[in-house]
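Colleague: Let me see the structure of the following:
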Amino acid sequence: MTTKRFIAGAVCPKCQLIDKIVVYGESGAEVCECVRCGHKQYQEVEAKPAVAKIGKREQVIKVIRPQKQKH
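Modeller: Residues are numbered from 1 along each chain as shown. Below is the predicted model:
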């Protein structure tokens, strides 16, 4: 199962709700999905970072893949 991570402060481009966006990997791409309305945005791992609109400002969302810890 793919781990889904919420993106704090991100606004859905479709329904405009804040804090409803999750990010996860699927078939070599990162998927940003709104858990409220189901809107999805796909981006290749090497592509430009996603941009979130916060009020009248835009902010770049950089997806950071967590590193597996060595035990």
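
Colleague: Going by contacts, tell me the helices and strands next to the one helix or strand Tyr24 maps to.
Modeller: In the assignment (DSSP states H and E), Tyr24 maps to strand 21-26. In this structure, strand 21-26 makes packing contacts with strand 5-6, strand 29-34, judged by 3 or more Cβ pairs under 8 Å, 6 or more residues apart in numbering; DSSP states H and E. For the C-beta atoms, the positions are set from N, CA and C on the backbone; glycine is no exception.

Colleague: Out of the ones you listed, indicate the one that is most buried.
Modeller: Between the helices and strands packed on strand 21-26, the one whose residues have the most neighbours on average, counting mean count of other Cβ atoms under 10 Å, is strand 29-34 (a mean of 18).

Colleague: circling back: just give the strands next to the strand holding Tyr24 in its sheet, each with its orientation.
Modeller: Paired strands of strand 21-26, with direction, are strand 5-6 (antiparallel), strand 29-34 (antiparallel) (DSSP bridges).

Colleague: Just confirm Lys4 contacts Tyr24, I think it does.
Modeller: Yes. Contact criterion Cβ atoms under 8 Å: Lys4 and Tyr24 qualify, at 4.5 Å.

Colleague: Could you point out which of the helices and strands packed on strand 21-26 sits nearest Asp19?
Modeller: The closest of these to Asp19 is strand 5-6. By Cβ to Cβ, the value is 6.8 Å.

Colleague: quick one on the thing from earlier: what sits in contact with each of Lys4 and Tyr24?
Modeller: Glu33 (Cβ atoms under 8 Å, 6 or more residues apart in numbering).

Colleague: of those two, who's got more company?
Modeller: Tyr24 (15 against 12; other Cβ atoms under 10 Å).

Colleague: who's the more buried one bridged to?
Modeller: For Tyr24, the residues forming beta bridges with it (DSSP bridges) are Val31.

Colleague: before we move on, back to that, check which residues of the strand holding Tyr24 are buried.
Modeller: Neighbour counts using 16 or more other Cβ atoms under 10 Å place Ile21, Val23 of strand 21-26 among the buried residues.

Colleague: Can you pull out the residues in contact with it?
Modeller: 2-7, 10-12, 30-35, 42, 45, 52, 63, 65.
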